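>>> Below are the sequence and a predicted model for it; my questions follow.
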Amino acid sequence: MKKFSYFFIFFAISINAYAQYPPAVGQMGSTAIPKDSAIFVDWATHCSIERGYLICNDTTFEDPAYPGTNRASFGNDAAATGLADNNTVSLGDHGIAILTFTNPIVNGQGFDFAVFENSFEDYFLELAYVEVSSDGIHFVRFPSVSLTQTNTQIPGFGTLDPEKIHNLAGKYKVFYGTPFDLSDIQDSSGIDIQHITHVKIVDVIGSIDLSYANYDSQGHIINDPFPTPFWTGGFDLDAVGVIHNTQNTGINASVYEGINFTVYPNPASESLSINANFPSNYSAQLINSLGMILDSFNFKNSIKMNVCNLKNGLYFIILKDENNQLTTFKFLKN
């Protein structure tokens, strides 16, 4: 019995040590969501920044090129609001951004929001913790995992493998959001995942020096580029895009009756019918909750789609008529 227990513990540790998470943008299985994905229904409207130091272990250091402050200073609070546009604000070592929204974020089908950073390529990644709150006072942090080695410090312009990173903002390059699912914290106390009013982004220092190290939810040191002694140092926050909020929670009726289309049934299990109220040559795209295009098709007056082979979840269809007018609607496959 003891041998079995020891084997089980060793096996569990081994699996954890070599676990792989979704890869970089464009690779099979990536969860990166492009900034112009139809799944975004809103963006942060206000941001408050608490800047971190340029170098946490030398709080008097100033960037020689931009003297006058020992903290990150690139960008401003407003840069993190609105659409992801590569206009960013730098947080510095352990800097903090708190964002609010027009309507509270809610837990829906799949991912609920995404955080955008501005990495210029797939493997130069600067990471941050993500926390949420229902009152702006009590915050709950998403459980994160970093399986990057901790024997050697990742230098200031070093690289990370996104497959070893989970639930840390900054996993994906510029214009691609790292998504978060509120279901991951559904068992946490002091939070209402159907009423998230604030999202907090906290820069991960990235040092493996035990005096300054930050840890993931499993107790691993998080090793990311350090030091970054520049006015642009630390996590560079671009935007937070909302996928589900109190105004767009998913599917509300069995039949969608818009000005241009009638779509039914919704949810759908075997087939989905789209009837155009105005004849035209329509082109359409079927998109999953990650913003990935699954199919493209054309029709004139109506079409009946076979959805049997789709996995259960939330999907979007974007329709374009002859005048390039777009209509987007959601349906749930069950």
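Yes, it's here.
>>> where does the stretch 101-250 of the chain have low pLDDT?
Residue ranges of the stretch 101-250 of the chain with pLDDT under 70: 249-250.
>>> The same query, at a cut-off of 80, please.
For the stretch 101-250 of the chain, applying pLDDT under 80 flags the ranges 109, 248-250.
>>> who's in contact with Q109?
Q109 makes contacts with H244, G250, S289, G313, L314, L332, as judged by C-beta atoms under 8 Å, 6 or more residues apart in numbering. The C-beta positions use only the backbone N, C-alpha and C, and glycine is treated the same way.
>>> The fifth one belongs to a helix, doesn't it?
So the one you mean is L314. No: using DSSP: H, G, I helix; E, B strand; the rest coil, the assignment for L314 is strand, not a helix.
>>> does K35 really touch Y176, like I thought?
Yes: if you go by C-beta atoms under 8 Å, K35 and Y176 touch, sitting 7.2 Å apart.
>>> Strands of the stretch 101-250 of the chain, start to end?
113-116, 128-133, 139-141, 145-146, 165-166, 176-180, 196-203, 236-237, 239-242 (DSSP state E, counting those that start in this stretch).
>>> how close does the spatially closest residue to R51 that is not a sequence neighbour get to W231?
Spatial nearest neighbour of R51, excluding adjacent residues (C-beta to C-beta, 6 or more residues apart in numbering): R71 at 4.2 Å. Look at R71 and W231: by C-beta to C-beta, to the nearest Å, they are 9 Å apart.
>>> Kindly report the same for I39.
34 Å.
>>> of the two, who's got more company?
Between I39 and W231, counted using other C-beta atoms under 10 Å, the more crowded position is I39 (26 against 19).
>>> Surely that one touches D112?
No: using C-beta under 8 Å, I39 is not in contact with D112; the gap is 10.3 Å.
>>> these two touch, right, S188 and H138?
No: counting by C-beta under 8 Å, S188 does not reach H138; the two are 9.9 Å apart.
>>> how about the nearest residue to H138 once chain neighbours are set aside, what does it touch?
Distances taken as C-beta to C-beta, 6+ apart place G190 nearest to H138, at 4.4 Å, with adjacent residues excluded. Listed by C-beta under 8 Å, 6+ apart, the contact set of G190 reads S134, H138, V140.
>>> now swap in P23 and tell me
G29, S30, P162, E163 are the contacts of P23 under C-beta under 8 Å, 6+ apart.
>>> before we move on, what about V140?
Taking C-beta under 8 Å, 6+ apart as the definition, contacts of V140 comprise E131, V132, S133, I185, S188, G190, I191.
>>> Any chance of a ChimeraX selection covering the buried ones in those?
Selecting only the buried entries of the contacts of V140 in ChimeraX, with 16 or more other C-beta atoms under 10 Å as the criterion:
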select :131,132,133,185,191
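>>> Give me the buried entries from the contacts of Q109.
With burial judged by 16+ other C-beta under 10 Å, the buried subset of these is H244, S289, L314, L332.
>>> which one of these sits closest to L272?
L332 (10.1 Å; C-beta to C-beta).
>>> picking that back up, where do the contact lists of I39 and D112 overlap?
With C-beta under 8 Å, 6+ apart, I39 and D112 have common neighbours I243.
>>> Does F61 touch P67 like I think?
No: at 10.5 Å, F61 does not count as touching P67 under the criterion of C-beta under 8 Å.
>>> Which one's more surrounded, these two?
Remark: of F61 and P67, F61 carries more neighbours, 15 against 9, as counted by other C-beta under 10 Å.
>>> Distance of the more buried one relative to Y282?
Distance from F61 to Y282, by C-beta to C-beta: 59 Å.
>>> Equivalent analysis for N266, please.
Counting by C-beta to C-beta, the gap from N266 to Y282 is 18 Å.
>>> returning to that earlier point: using a markdown table, lay out the contacts of V140 together with distance to I221.
Shown next, in a markdown table, are those (distance: C-beta to C-beta, whole Å):
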| residue | distance to I221 |
| --- | --- |
| E131 | 19 |
| V132 | 24 |
| S133 | 26 |
| I185 | 23 |
| S188 | 23 |
| G190 | 27 |
| I191 | 27 |
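>>> out of the contacts of V140, which one sits closest to D216?
Using C-beta to C-beta, the contacts of V140 come closest to D216 at E131, 13.8 Å.
>>> just to revisit the earlier point, in the contacts of P23, find the pair that's most separated.
The widest separation within the contacts of P23 (C-beta to C-beta) is 10.9 Å, between G29 and P162.
>>> so what sits against both of the two?
P22, P23.
>>> wouldn't N107 be in contact with Q186 here?
Yes: here N107 reaches Q186: they are 7.0 Å apart, a contact under C-beta under 8 Å.
>>> Comparing the two, which shows the higher neighbour count?
Taking other C-beta under 10 Å, N107 and Q186 do not tie; N107 has more neighbours (19 against 11).
>>> Alright, that wraps it up for me.
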